[in-house]
Each structure stands twice: as structure tokens, then as C-alpha cells.
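Chemist: Next one to model:
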Amino acid sequence: MSIYTSLISVTEMPISVIHRPLPSYLDEEKVISLMETLKKNSEDVPPIDVNWVVGKNPDNNYYMAFGGCHRWEAHKRLGLPTIKARIVKSTPQDIKVYLGSSTPEFK
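Modeler: Predicted coordinates for the structure are as follows:
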């Protein structure tokens, strides 16, 4: 569980809008186990945390996930269009903690 568990509600979020800027290093057995769990009961799989940054133009929303790589991969392999997520309102400075000088310009 993350520090956000009790503070932020969980929502089903389209996988297609979430950007994962860091490469994942996967344990294949873990991905397969999660896929089996998702097939039986998706309620048993915890949500991922998604950082949400509003761009300089308030119509531009950026969603980034840095953890949950095994859950993400299991959802992708099963072709699931959504994933349970806690959307965490963030700032460009928050993202810079993860990406350093590779932080994009949030237009």
C-alpha cells in the first residue's frame, strides 16, 4: 500500500492515457500470477498510483505512473482497457523527483 491509500479514492482509468516514462524490470512469474488473479477476481489486485499534472494550458492533463509495473503489464497482456488507480494531484516538481532533467515541459 502507498501513503495515499486512505486519502484518495480509487477509480477505473483508461490505460491508454497513462504514460510510464521509466523502463520496467519484470519478474515473469509475478506478471503471470497477477494475470491469473485478474482473471478470477480483479478486486484482489490493488490499484496503482498515477501522478496527475495539469499543464500550463488547463485543458492539458498528464498522467504518469512510476510504480505498479507488474500490475500494469498483467493488465496490458490481458488486453484490459482500464486499470484501478489512485490519481494523485502532482506538480512538475513532484515529477522531477522521478525524472530529474528528463522532466517534460507540461504545456
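Chemist: ranges for the strands of this structure?
Modeler: Assigned by DSSP state E, the strands in the chain fall at 10-14, 18-19, 48-54, 61-64, 82-89.
Chemist: Would you mind finding the most buried of those?
Modeler: Scoring those by mean neighbour count under mean count of other Cβ atoms under 10 Å gives strand 48-54 as the most buried, with a mean of 20. In short, each C-beta sits where N, CA and C put it, glycine included.
Chemist: Val10 touches Ile48, doesn't it?
Modeler: No. Checked against Cβ atoms under 8 Å, the pair Val10 and Ile48 is beyond contact range at 9.9 Å.
Chemist: what is in contact with those two at once?
Modeler: Any residue near both Val10 and Ile48 by Cβ atoms under 8 Å, 6 or more residues apart in numbering counts here, and that gives Lys84, Ala85, Arg86.
Chemist: Dump these to TSV, plus distance to Glu36 and pLDDT.
Modeler: Shown next, in TSV, are the shared contacts of Val10 and Ile48 (distance: Cβ to Cβ, whole Å; pLDDT from 0 to 100):
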residue	distance to Glu36	pLDDT
Lys84	17	96
Ala85	21	95
Arg86	24	93
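Chemist: now, which of those sits nearest Pro23?
Modeler: Taking Cβ to Cβ as the measure, Pro23 lies nearest Ala85 of the shared contacts of Val10 and Ile48, at 20.1 Å.
Chemist: give me the low-pLDDT residue ranges for this protein?
Modeler: Where the chain drops to pLDDT under 70, the residues are 1-7.
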